[in-house]
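Participant: following is a predicted model, sequence given first.
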Amino acid sequence: MARFVAIRALTYVILAFLATSFAYLLAAALMNPQEVLYPPIATEPVPYQTAQMYLDVRNVNPDTPLMERYANWLGGLVRGDLGVTTGTNKSMVPVTTELANRIPISLRLVVLGTIIGTVAGVLLGMIAAVARDSIGDRLTTLLAFFILSLPTPVIILIVQQTNQGIMDVTGWGLPAINPINPLLTPGSWASIEYQIKALVMPTIVLSLSAAASYSRYMKVTTLDVLGSDYLRTARAKGLTRGQAMNRHGLRMALIPMGQYFAFAVGAAFTGSLFVELMFNWQGVGRFAVSAIGMADVNGTAGVVLYTAVLTLLSATFADILQGALDPRIR
């Protein structure tokens with residue numbers, strides 16, 4: 001199993017490197033940070049030497065060959081340096097510093113939303129498969145398809161309006177935006193309590209989408225297991241469908257879910273883009289949107305690297321889980 005996980009992890013590292021390199025080359029070739037730094041409509045033209053200095057120090061000078069810029073960026077990547085922010089941000093903030101400040105904020109949403117959504121979706125999918133064609137199964141299927149058919153911003157608006165309705169009736173509700181209350185003392189219990197409350201609604205949004213997707217996939221895999229020969233044999237020995245599933249079928253039904261987990265984490269990050277924007281969270285998702293909007297080549301590549309590493313870790317964990325569940329791999 002260790003050899004299996006090691007080979008897969010090495011493959012993911014190579015894919016993450018290729019994806020990040022491709023993203024950098026694409027951003028460096030298509031984005032025009034020089035037009036954002038010094039727009040053509042500027043009333044006072046910037047001296048040529050000054051403009052060149054600004055672009056060279058950021059490694060975004062279009063007069064420098066693309067592969068040379070990529071080589072400079074790659075050399076920095078090996079040293080753990082992703083360059084500085086470009087575009088309208090002239091303060092030259094290191095991308096690694098920007099990501100280090102924002103990653104913990106985004107991980108709260110992605111990790112909690114994925115864990116809660118995964119557990120809820122697996123349980124609902126398994127129950128729906130065992131109680132197939134029951135009222136609970138039909139309601140679960142209808143609700144899952146309803147959630148999956150809604151764009152993430154619509155789900156966010158529904159959750160926010162529900163919270164507002166509860167607040168209007170009871171006088172108690174969750175913070176709608178801003179995970180930090182500037183009126184509270186940082187580090188105080190009141191500030192921590194506010195942050196916990198502010199985390200609830202964004203987590204609900206991500207959990208709903210993940211649970212709906214997982215429940216559909218888990219139901220399909222569970223139904224396949226329920227129709228297998230070894231489970232029919234177990235039922236012939238006197239076990240109920242639920243008992244046979246718990247003792248013999250659950251492990252086999254979870255095996256395909258392991259690989260799906262890696263893709264679900266990527267989907268959770270995509271969903272967190274809208275969550276961070278609409279709940280005003282200053283995470284990686286919000287940084288990604290601003291980086292693309294202001295032609296930040298280095299920032300865009302840094303976001304892709306973060307996403308690739310996140311997917312790499314989740315895929316490696318999925319392989320470990322698959323190896324633990326499937327004796328054929330061990």
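Facilitator: Structure received.
Participant: Val111 and Leu199, how far apart?
Facilitator: From Val111 across to Leu199, the span is 11 Å (C-beta to C-beta, to the nearest Å). To be clear about C-beta, it is placed using only N, CA and C from the backbone, and glycine gets the same treatment.
Participant: over to Ile116?
Facilitator: 11 Å.
Participant: neighbour count for Val111 and Leu199, which is higher?
Facilitator: Leu199 (19 against 16; other C-beta atoms under 10 Å).
Participant: for that one, which non-adjacent residue is closest in space?
Facilitator: Closest residue to Leu199 apart from its sequence neighbours, by C-beta to C-beta, 6 or more residues apart in numbering: Arg108 at 6.2 Å.
Participant: equivalent analysis for Gly299, please.
Facilitator: Ala291 (3.5 Å).
Participant: confirm for me that the one you found is in contact with Ala301.
Facilitator: No: using C-beta atoms under 8 Å, Ala291 is not in contact with Ala301, being 9.0 Å away.
Participant: how about the backbone phi and psi for Val84?
Facilitator: phi -120, psi 160 (degrees, to the nearest 10).
Participant: so what's the residue count around it?
Facilitator: Val84, neighbours per other C-beta under 10 Å, totals 22.
Participant: so the nearest residue to it once chain neighbours are set aside: helix, strand or coil?
Facilitator: Nearest residue to Val84 in three dimensions, chain neighbours excluded: Met92, at 4.2 Å (C-beta to C-beta, 6+ apart). Put simply, Met92 is coil when judged by DSSP: H, G, I helix; E, B strand; the rest coil.
Participant: tell me, how many residues neighbour Leu277?
Facilitator: 16.
Participant: OK, contacts around it?
Facilitator: By C-beta atoms under 8 Å, 6 or more residues apart in numbering, Leu277 lies in contact with 285-286, 289.
Participant: now Val84
Facilitator: Taking C-beta under 8 Å, 6+ apart, one finds 57-58, 92-95, 298 in contact with Val84.
Participant: what's the distance between Phe287 and Arg247?
Facilitator: On the measure of C-beta to C-beta, Phe287 and Arg247 end up 48 Å apart.
Participant: so these two - more neighbours on which side?
Facilitator: Higher neighbour count among Phe287 and Arg247: Phe287, with 26 against 12, using other C-beta under 10 Å.
Participant: what is the neighbour count of the residue nearest to Gly299?
Facilitator: Ala291: 26 neighbours (other C-beta under 10 Å).
Participant: how about Ala131?
Facilitator: If you count neighbours by other C-beta under 10 Å, Ala131 ends up with 15.
Participant: low-confidence stretches in the stretch 151-300 of the chain?
Facilitator: 182, 241-242, 248, 258-259, 262-263, 266-267 (pLDDT under 70).
Participant: the same query, at a cut-off of 80, please.
Facilitator: 171, 173, 175-188, 190, 223-272 (pLDDT under 80).
Participant: can you check the pLDDT for the residue lying closest to Val93 once chain neighbours are set aside?
Facilitator: Distances taken as C-beta to C-beta, 6+ apart place Thr85 nearest to Val93, at 4.9 Å, with adjacent residues excluded. pLDDT, Thr85: 84.
Participant: and if you look at the one 5 residues further on?
Facilitator: Lys90 carries a pLDDT score of 62 in this model.
Participant: swap in the one 10 residues further on?
Facilitator: Turning to Ala100, the model gives it a pLDDT of 91.
Participant: check which residues of the helix or strand hosting it are buried.
Facilitator: Per DSSP states H and E, Ala100 falls inside helix 95-130. For helix 95-130, a neighbour-count test (16 or more other C-beta atoms under 10 Å) marks 95-96, 98-99, 102-103, 105-114, 116-118, 120-122, 124-130 as buried.
Participant: contact partners of the very next helix or strand once past it?
Facilitator: Downstream of helix 95-130, the next assigned helix or strand under DSSP H and E is helix 135-149. The contact list for helix 135-149 (C-beta under 8 Å, 6+ apart) reads 124, 127-129, 131, 155, 208-209, 211-213, 215-216, 219.
Participant: the lengthiest helix in the chain: what's the following helix or strand?
Facilitator: Secondary structure assigned by DSSP state H gives helix 189-226 as the longest helix of the chain. Downstream of helix 189-226, the next assigned helix or strand under DSSP H and E is helix 229-236.
Participant: per-domain residue ranges of this structure.
Facilitator: 1-89+296-330, 103-293 (automatic domain parsing).
Participant: residues of stretch 292-301 that come out buried?
Facilitator: Buried, per 16+ other C-beta under 10 Å, within stretch 292-301: 294-301.
Participant: so which of the residues you listed belong to helices?
Facilitator: Using DSSP H, these in helices are 297-301.
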